[in-house]
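Participant: no sequence for this one, just the structure:
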């Protein structure tokens with residue numbers, strides 16, 4: 001008999017955190033049976049040893065998928081989600097944690113809201129030492145029920161590790177390119193509404209690896225993945241009035257982040273919006289996305305310096 005819920009965990013060199021993550025899962029109390037499927041992407045730091053220990057301790061709960069070569073985050077994620085057998089599927093990154101009652105509350109929500117394809121929740125933010133550094137994920141109120149349009153407009157307003165979805169809402173079993181969380185959120189929301197529980201039921205780990213410290217190739221993949229997700233939303237029938245302004249906001253915000261981090265190549269890629277797309281842009285977005293990279297870079301330095309001087313003057 002299949003479990004009611006599958007928890008899909010992805011890990012890569014998470015030896016420092018994976019034990020805490022798995023312990024938070026297997027200690028969940030629920031009135032249904034659940035399985036835990038852990039995908040390891042050829043870790044080299046002892047992650048597999050810890051995962052194997054949990055599989056040995058909980059042989060009826062924990063299954064392990066070990067990749068003998070590094071397949072990347074997208075393929076690792078799909079490998080565990082494709083192996084899920086539960087009616088509901090929860091996603092977990094190997095450095096995040098669940099809080100007590102998470103799985104029960106999310107399954108209860110989806111059972112009570114049959115028109116919802118997925119449900120997420122607020123999370124606490126913790127640092128690399130598991131100290132809480134923020135009590136909530138975002139600063140803007142989130143509706144209990146949202147549409148696909150709202151999701152596309154807001155982007156990733158919840159942590160991936162907070163999501164539980166109906167397995168019937170999953171569509172992609174393979175992707176031929178690196179794919180970000182937003183793509184899968186949109187894909188699943190094509191099947192129903194998006195729920196949100198406005199209290200922390202998990203912990204999202206923020207290690208302080210900022211844009212300037214992320215490998216350029218990986219950062220470029222992430223940025224391209226988001227643009228791909230917005231294009232998928234357009235192809236899936238979401239109105240251009242929703243998608244294009246959201247994509248422009250993404251281009252603008254991340255173009256400015258790239259400029260401040262000195263990543264001019266990524267800035268140029270984000271600034272490659274078409275004239276047709278720029279018809280929907282605000283004045284500020286148009287100015288930044290149409291200006292030469294080095295001009296924006298110098299302007300941002302001057303702006304940041306002036307802002308800092310004003311703070312000192314107070």
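Facilitator: Done, it's in. This structure is a prediction, so every number in the text was calculated from the model and none was measured.

Participant: the bottom helix or strand of the protein by mean pLDDT?
Facilitator: Every helix and strand of the chain was ranked by mean pLDDT, DSSP states H and E. The lowest is helix 293-313, at a mean of 53.

Participant: start to end distance for stretch 130-146?
Facilitator: Distance between the boundary residues of stretch 130-146 (C-alpha to C-alpha, to the nearest Å) amounts to 31 Å.

Participant: repeat that for stretch 14-23.
Facilitator: Terminal residues of stretch 14-23 lie 14 Å apart, using C-alpha to C-alpha.

Participant: quick one: that stretch to chain centroid distance?
Facilitator: Offset of stretch 14-23 from its chain centre (C-alpha atoms, centre = their mean, to the nearest Å): 19 Å.

Participant: swap in stretch 235-249?
Facilitator: A distance of 19 Å separates the C-alpha centroid of stretch 235-249 from that of its chain, computed with C-alpha atoms, centre = their mean.

Participant: just the strands in this protein please.
Facilitator: In chain order, the chain shows strands spanning 5-11, 34-40, 62-66, 88-93, 97-98, 116-126, 132-134, 145-146, 164-166, 193-205, with DSSP state E as the criterion.

Participant: and the closest residue to residue 8 other than its chain neighbours, how many residues sit next to it?
Facilitator: Nearest residue to residue 8 in three dimensions, chain neighbours excluded: residue 80, at 4.1 Å (C-beta to C-beta, 6 or more residues apart in numbering). Every C-beta, even on glycine, is put in place using the N, C-alpha and C of the backbone. For residue 80, the number of neighbouring residues by other C-beta atoms under 10 Å comes to 25.

Participant: which regions of the stretch 201-314 of the chain lie under the pLDDT threshold?
Facilitator: 208-217, 293-314 (pLDDT under 70).

Participant: same thing but 50
Facilitator: Counting by pLDDT under 50, the stretch 201-314 of the chain contains low-confidence ranges at 210-214, 302-303, 305-306, 309.

Participant: helices along that one, start to end?
Facilitator: Under the criterion DSSP state H, counting those that start in this stretch, helices of the stretch 201-314 of the chain are mapped to 216-235, 240-260, 264-270, 275-278, 283-290, 293-313.

Participant: could you check how far the third one is from the centre of its chain?
Facilitator: Taking C-alpha atoms, centre = their mean, one finds helix 264-270 lying 22 Å from the centre of the chain it belongs to.

Participant: and this structure, what are its domain boundaries?
Facilitator: Domains of the chain are assigned by automatic domain parsing as 5-205, 211-313.

Participant: tell me which of those sits most buried.
Facilitator: Ranked by mean neighbour count, the domains of the chain are led by domain 5-205 with a mean of 18 (mean count of other C-beta atoms under 10 Å).

Participant: what's the span of that one, first residue to last?
Facilitator: Start and end residues of domain 5-205 are separated by 24 Å (C-alpha to C-alpha).

Participant: and if you look at stretch 24-34?
Facilitator: One end of stretch 24-34 sits 13 Å from the other (C-alpha to C-alpha).

Participant: over to stretch 207-225?
Facilitator: One end of stretch 207-225 sits 22 Å from the other (C-alpha to C-alpha).

Participant: and for stretch 108-126?
Facilitator: Here stretch 108-126 reaches across 26 Å from its first residue to its last, counting by C-alpha to C-alpha.

Participant: which of the strands of the chain has the lowest average pLDDT?
Facilitator: If the strands of the chain are sorted by mean pLDDT, strand 132-134 sits at the bottom with a mean of 91.

Participant: which strands and helices sit next to that strand?
Facilitator: If contacts are counted by 3 or more C-beta pairs under 8 Å, 6 or more residues apart in numbering; DSSP states H and E, strand 132-134 sits against strand 116-126.

Participant: can you read off the pLDDT for the closest residue to residue 161 other than its chain neighbours?
Facilitator: Leaving aside its sequence neighbours, residue 161 sits nearest to residue 96 (C-beta to C-beta, 6+ apart; 4.0 Å). Residue-level confidence at residue 96 comes out at 97, pLDDT.

Participant: same deal with residue 160?
Facilitator: At residue 160 the predicted local distance difference test score is 97.

Participant: quick one, what contacts it?
Facilitator: Residues near residue 160 by C-beta atoms under 8 Å, 6 or more residues apart in numbering: 91, 93, 181.

Participant: same thing but at 10 Å, please
Facilitator: Residue 160 makes contacts with 10, 77, 91-93, 96, 120, 180-182, 184-185, 204, as judged by C-beta atoms under 10 Å, 6 or more residues apart in numbering.

Participant: with that, I have no additional questions.
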